[in-house]
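In: Give the three-dimensional model of this entry:
(2 chains)
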Amino acid sequence: MPSYFRPTRNVELSTLYYLENSLNSDWSGITVVKKFTDAYKEPLPVIAMNISNVYSHRKEVGATTLLNDYVLSIDIFASSDGQRIDLADYITDKIKDNWTFYTHSQTPGSPTSLTRVANGSLFVTRFSSSYKVDLGSEGVNTYDRFRHYIEVTVRTSQ
Amino acid sequence: MRPAVVINKVIVKNDIILAKFKQIKQKISQSVPLDLELDVIKERTLSELREWINANRNRPMGTYDRNFQRMRRLTSTENLYHTIKASSQVVLEGEGKVRLVIGEYSYLDQFAPYWRVLNDGGYVPPSFMGFFGDNRVRPRPGVTNLQTFYKTGYPASDGGKTWLMRPQNPITPMRFVSELNRIFEEQVAGYNFGGKYSGVKGL
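Out: Alright, predicted model coming up:
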């Protein structure tokens, strides 16, 4: 019997899938990872994307269902300043549109393969920040030289 | 007919009381100066920020060891909070204008220069001689030790054992600036400044 993932994980994986597919079709040689520290293990350019926070509210007065706001953190590790700007611009342009929300499940015995079933869409409710990460110039790691950070809040369409 | 008159009288009286009560309430709210309200917002925001910073710390604060130079610049997140707190204030600018400042870049750059790394992550620190924790734990390859680490130099000034410490992973981001903005907006949302408030600008 397959095990189904919880909504937060589904939001993260759906966004990762969308960004990965978009970047693969429009760019070349860009790796997308989920964990921040994993970005430092892949060749540049790398994009690290994960959900850093979830804020829950009651959907309506008296309801037991929750309306969740997911905060997406997107770290861009580029190999030049121009590439940093282009990638930031591209990603912002991509996430301004809705993308598919998938419910993921895993079959016992094959943990690496995921089954996706489309279940609505995801949309940005707020573009919180987009800035160049400047850690100075002395002793800066190659990965930290051309970094950019984008933070958006997303919701599911249901 | 008599009871109806009584009821009418009661209703009239209640209306008067309610109107009076509204006047008193309005006077009370007007008598609380804006700078005091902003001070409450400041304190609440800082208190929540402190919780956030401590919840996201990677290492315990530990106790300061006088014999060795503790790597305070990378571990002391309480210092980060105190620096933000020290640079937060309610400024009376005259002509009824009040400004609320929560954290200043220049102050952070001076007293907590590592704040950008803690906020955005990155930077693998260089190797140094030292040990982990107060019980002098040696570093082991492939094992993540989350105790406070000490820099001793070689040989250690107390003659004790010291090892080569090689940080492997970059510092993970804390994103306290984003969180500060969110907390601040949440705090401000509960207040009505009579249209004087025009937006949020955090750190």
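In: name the element residue A:72 belongs to?
Out: Assigned by DSSP states H and E, residue A:72 belongs to strand A:66-77.
In: I'd like to know the average pLDDT value across that strand.
Out: Across strand A:66-77, pLDDT averages out at 92.
In: Any part of it near chain B?
Out: Yes. Counting by CB under 8 Å from any CB of the partner chain, chain B is contacted by strand A:66-77 at A:71, A:73, A:75. Every C-beta, even on glycine, is put in place using the N, C-alpha and C of the backbone.
In: can you list those in JSON lines and add neighbour count?
Out: Below are the residues of strand A:66-77 next to chain B laid out as JSON lines (neighbours: other CB atoms under 10 Å in any protein chain shown):
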{"residue": "A:71", "neighbour count": "20"}
{"residue": "A:73", "neighbour count": "21"}
{"residue": "A:75", "neighbour count": "23"}
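In: returning to what we had before: what residues sit buried inside the helix or strand following the strand holding residue A:72?
Out: Note on strand A:66-77: by DSSP H and E, the next helix or strand toward the C-terminus is helix A:81-95. For helix A:81-95, a neighbour-count test (16 or more other CB atoms under 10 Å in any protein chain shown) marks A:83, A:84, A:87, A:88, A:90, A:91, A:95 as buried.
In: Same question for stretch B:44-60.
Out: Neighbour counts over stretch B:44-60 (16+ other CB under 10 Å) mark B:45, B:46, B:48, B:49, B:50, B:52, B:53, B:56, B:57, B:59 as buried.
In: need the contact list for the closest residue to residue A:123 other than its chain neighbours.
Out: Counting by CB to CB, 6 or more residues apart in numbering or on different chains, residue A:123 lies nearest to residue A:98, which is 4.7 Å off, once chain neighbours are set aside. Residue A:98 sits next to A:121, A:122, A:123, A:157 when contact means CB atoms under 8 Å, 6 or more residues apart in numbering or on different chains.
In: residues contacting residue B:155?
Out: Contacts for residue B:155 (CB under 8 Å, 6+ apart) come out as residue B:162.
In: typo on my end, it should be residue A:152
Out: Residues near residue A:152 by CB under 8 Å, 6+ apart: A:71, A:72, A:74, A:95, A:124, A:126, A:127, A:128.
In: and those, which two are the farthest apart?
Out: Taking CB to CB as the measure, the contacts of residue A:152 span a maximum distance of 13.9 Å, between A:74 and A:126.
In: Closest to the centroid, which residue in chain A?
Out: Taking CA atoms, centre = their mean, the centroid of chain A lies closest to residue A:49, which sits 3.7 Å from it.
In: Provide the secondary structure category for it.
Out: strand (DSSP: H, G, I helix; E, B strand; the rest coil).
In: Pull up the gap between it and residue B:181, please.
Out: Distance from residue A:49 to residue B:181, counting by CB to CB, to the nearest Å: 21 Å.
In: Identify the residues contacting residue 121.
Out: Just going to use chain A. Residues near residue A:121 by CB under 8 Å, 6+ apart: A:98, A:99, A:100, A:101, A:156, A:157.
In: my bad, the chain I had in mind was chain B
Out: The neighbourhood of residue B:121, defined by CB under 8 Å, 6+ apart, consists of A:36, A:75, B:170, B:171, B:172, B:173, B:174.
In: Out of these, which end up buried?
Out: When the contacts of residue B:121 are checked for burial by 16+ other CB under 10 Å, the buried set is A:36, A:75, B:170, B:171, B:173, B:174.
In: In JSON lines, list the residues you listed along with distance to residue B:97 and secondary structure.
Out: Output for the buried ones among the contacts of residue B:121, formatted as JSON lines (distance: CB to CB, whole Å; DSSP: H, G, I helix; E, B strand; the rest coil):
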{"residue": "A:36", "distance to residue B:97": "41", "secondary structure": "coil"}
{"residue": "A:75", "distance to residue B:97": "39", "secondary structure": "strand"}
{"residue": "B:170", "distance to residue B:97": "43", "secondary structure": "coil"}
{"residue": "B:171", "distance to residue B:97": "40", "secondary structure": "strand"}
{"residue": "B:173", "distance to residue B:97": "36", "secondary structure": "coil"}
{"residue": "B:174", "distance to residue B:97": "33", "secondary structure": "coil"}
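In: Just give me the closest of those to residue B:186.
Out: Comparing those against residue B:186 with CB to CB places residue B:174 closest, at 18.7 Å.
In: and the contacts of residue A:121, which are buried?
Out: Those of the contacts of residue A:121 that meet the buried threshold are A:99, A:101, A:156, by 16+ other CB under 10 Å.
In: now, which of these sits nearest chain B?
Out: Nearest to chain B among the buried ones among the contacts of residue A:121, counting by CB to the nearest CB, is residue A:156 at 20.0 Å.
In: neighbours around residue B:156, how many?
Out: Summarising burial for residue B:156: neighbours were counted as other CB atoms under 10 Å in any protein chain shown, giving 19.
In: pretty sure it is touching residue B:163, no?
Out: No. Counting by CB atoms under 8 Å, residue B:156 stays clear of residue B:163, with 9.9 Å between them.
In: tell me the SS of the closest residue to residue A:47 other than its chain neighbours?
Out: Nearest non-adjacent residue to residue A:47, counting by CB to CB, 6+ apart: residue A:32, 4.9 Å away. What three-state DSSP gives for residue A:32 is strand.
In: Residue B:178: which element?
Out: Taking DSSP H and E as the criterion, residue B:178 maps to helix B:176-189.
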